[in-house]
Structure formats: structure tokens, C-alpha cells
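Q: Below are the sequence and a predicted model for it; my questions follow.
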Amino acid sequence: TDTLALDAFKNYPGHIRLVCFQLPDPRLEKNLTRRGAKLLTKKRVLDQNLCNAFVSMMHSGSTIYCSSDYDQVFQEMCDICDENKNLRRSSKEDITKLRIIKPFTTPDKFKSLCRKNPFGIPTEREVFLSQRRTDRSVQRVVFKVI
């Protein structure tokens, strides 16, 4: 995957300032077949090679944003980013600075999701969790390239 990222962005006309790993589905293979228990797969979107590839293409001050509603997946993403010597975990206040658009008009039932999501728009997964899985919350972290 690191080669794929490097190849995909080698002709990118500018600096990569933000990379998001937002609510990856750790049960993708199981969800595709929908048979048996809902187990987490071993495959992850973010691995050490992909993290290193993106960091190598980013300048100081750039951001990697990770979020997940699965504790295990969230912790693995944090561990991967923590292992990269060119990344530093940012404060919770830096998450709110990610807002890139003004909040839009939303139904009242989604207003709290828009406030929690730094981008001002709830993802499909956040909407799903708010409607069906009130026991699970989304964890978020920001890493800065140093």
C-alpha cells in the first residue's frame, strides 16, 4: 500500500496538508459475506508502511486525522502513528481546528453530530451510530508532522 500511495501522489500539484483515516470498517470482509459472527479482520486501512509513505510526502505542520468507533482499531491507528518519529500527537483543541467548511443546515437530530465531528458534517457511520448504537462513540486523534 505504501507504493500505491507514493505512486498516486507523486505528481500531486502541491503539498499534502491533511490525510484522514476516518471510521475505517474493520469488519469489511465479514460484512461482504454477512455470514457468521461479526469479527474484526486482521487487515487494516492504515499500516506502518502507509503511514510512513504519507508522512514522507507531507511537510512540517501537516495533519493526519484518525477516528474509529472500535477501540481496538483506534488504538492500533494511534500506535502506528506514535511509532513514526516524524509525527507528534496533538492536543484535543487541534481537532476543532480541522473545520474546513462552515456548518450547514441540518435536522435537529444531527446537530450534536455536527458539533462533535471536526469537519462539520457527520459521516454515514456517525449517523448510523447515533440512530442505532448509542453505546458506541467515535474516538478521534490528530497527529502533526514535525
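A: It's in.
Q: G14 is in contact with S62, correct?
A: No: counting by Cβ atoms under 8 Å, S62 sits too far from G14 to count as a contact (11.5 Å). Yep, even glycine has a C-beta here, placed from its N, CA and C like the rest.
Q: between the two, which one's more packed in?
A: Neighbour count, other Cβ atoms under 10 Å: between S62 and G14, S62 has more, with 20 against 5.
Q: so what secondary structure elements neighbour the helix or strand hosting the more buried one?
A: Per DSSP states H and E, S62 falls inside strand 58-68. Contacts defined by 3 or more Cβ pairs under 8 Å, 6 or more residues apart in numbering; DSSP states H and E place strand 58-68 against strand 16-22, helix 48-56, helix 71-83, strand 139-145.
Q: Hey, what's the angle from the third one to strand 16-22? Just curious.
A: Okay, so that is helix 71-83. 160 degrees (axes from the mean of the first three to the mean of the last three Cα atoms, to 10 degrees).
Q: buried residues in helix 71-83?
A: Across helix 71-83, burial judged by 16 or more other Cβ atoms under 10 Å covers V73, F74, E76, M77, C78, I80, C81.
Q: Student question: in the protein, what's the helix or strand with minimum average pLDDT?
A: Lowest mean confidence among the helices and strands of the chain (mean pLDDT, DSSP states H and E): helix 28-33, at a mean of 54.
Q: burial measure for Q131, as a count.
A: Look at Q131: counted by other Cβ under 10 Å, it has 10 neighbours.
Q: any low-confidence regions in the chain?
A: For the chain, the stretches flagged by pLDDT under 70 are 1-2, 26-43, 93-94, 96-116, 133-134.
Q: got the CA positions of the strand holding S62 in CSV?
A: The C-alpha atoms that make up strand 58-68 are tabulated as CSV, following Å, rounded to 0.1, in the frame of the first residue of the first chain:
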residue,chain,number,x,y,z
MET,A,58,3.9,15.8,3.9
HIS,A,59,5.6,19.0,5.2
SER,A,60,6.0,20.1,8.8
GLY,A,61,2.7,21.2,10.3
SER,A,62,0.6,18.8,8.1
THR,A,63,-2.0,16.7,9.8
ILE,A,64,-3.0,13.1,10.0
TYR,A,65,-6.5,12.7,11.4
CYS,A,66,-7.7,9.3,12.7
SER,A,67,-11.1,8.2,14.0
SER,A,68,-12.9,5.0,14.8
